[in-house]
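Chemist: Structure for the following, please:
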Amino acid sequence: MLILHAEQVAYCLVSSRVDQVKVQQPGLEYQGRFYLKDAAYPHRDKQKAIQQARQKLLEEQDQALLLVEEAAMITLWHHVRKAQKVSSIFAVNLQQLAAAMGGTEGVAIKNRQFRLKTYSNCFVGSEAVDWLVAYLRVSREEAVRVGQRLMSENWIDHVAKEPAFKDDFFFYRFRQEA
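Modeler: Sure thing, here's the model as predicted:
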């Protein structure tokens, strides 16, 4: 059993078999192996999460488990032997991503000026793509698709209400709910 930080794993969509039926579920990849989520615990219950992981290891000694410290919680994951990665961008929890992206280790949010107009509390699209590439461990193209999902699902807006997220010097803001 390992305890990792969210930055050390890559979240993805995993395809596996459950009762002879092929299903796709959110998962994660660590060192070329795929894992599915067992449980989630608030940070205050970290010891409980560790105890649950130890109990699972006692029950199934050949099982590989991970505990991952995420922004809002600690999650327990188990290895799935015959799983395949489907996609890395569809499994992303946008609420958690927006919280991390807007946090102290996220994108630079500040007042910016373009053509003599000041835009308050915004970030640059290309800087967001850089951050998403590093945080999610995805390509720039996938990061742009995640940015578009953030816009489509109302986590961020373009300051001039443009409909597309771009890997360029365009300004975006987090919505009030994010």
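Chemist: Give me the domain ranges for this protein.
Modeler: 2-87, 94-174 (automatic domain parsing).
Chemist: Include mean neighbour count when you put these into CSV, please.
Modeler: Where C-beta positions appear, they are placed from N, C-alpha and C, glycine not excepted. As requested, the domains of the chain are exported to CSV (neighbours: other Cβ atoms under 10 Å):
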stretch, mean neighbour count
domain 2-87, 15
domain 94-174, 16
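Chemist: least reliable of these going by mean pLDDT?
Modeler: For those, the weakest mean pLDDT is recorded on domain 2-87, namely a mean of 85.
Chemist: And the helices in this protein?
Modeler: Ranges of helices within the chain are 46-59, 94-102, 125-136, 140-152, based on DSSP state H.
Chemist: isn't Tyr11 right next to Val92, touching?
Modeler: Yes: contact criterion Cβ atoms under 8 Å: Tyr11 and Val92 qualify, at 5.7 Å.
Chemist: Beta-bridge partners for Tyr41, please?
Modeler: Note on Tyr41: beta-bridge partners by DSSP bridges are Ile74.
Chemist: Now do it against Val129, distance only.
Modeler: 32 Å (Cβ to Cβ, to the nearest Å).
Chemist: Looking at the helices of the chain, which is nearest to Glu7?
Modeler: Closest approach to Glu7 among the helices of the chain is made by helix 125-136 (6.8 Å; Cβ to Cβ).
Chemist: now for that closest one, which elements pack on it?
Modeler: Judged by 3 or more Cβ pairs under 8 Å, 6 or more residues apart in numbering; DSSP states H and E, the packing partners of helix 125-136 are helix 94-102, helix 140-152, strand 171-174.
Chemist: one more time with 6 Å
Modeler: helix 140-152 (3 or more Cβ pairs under 6 Å, 6 or more residues apart in numbering; DSSP states H and E).
Chemist: Now do the helix it packs on against helix 94-102: the angle between them, please.
Modeler: Interaxial angle, helix 140-152 versus helix 94-102 (axes from the mean of the first three to the mean of the last three Cα atoms, to 10 degrees): 110 degrees.
Chemist: most remote residue from the chain's center?
Modeler: Leu116 (35.6 Å; Cα atoms, centre = their mean).
Chemist: quick one, phi psi at that one?
Modeler: phi 70, psi 10 (degrees, to the nearest 10).
Chemist: what about it, distance to Ala83?
Modeler: For Leu116 relative to Ala83 (Cβ to Cβ), the value is 54 Å.
Chemist: This completes my enquiry, with thanks.
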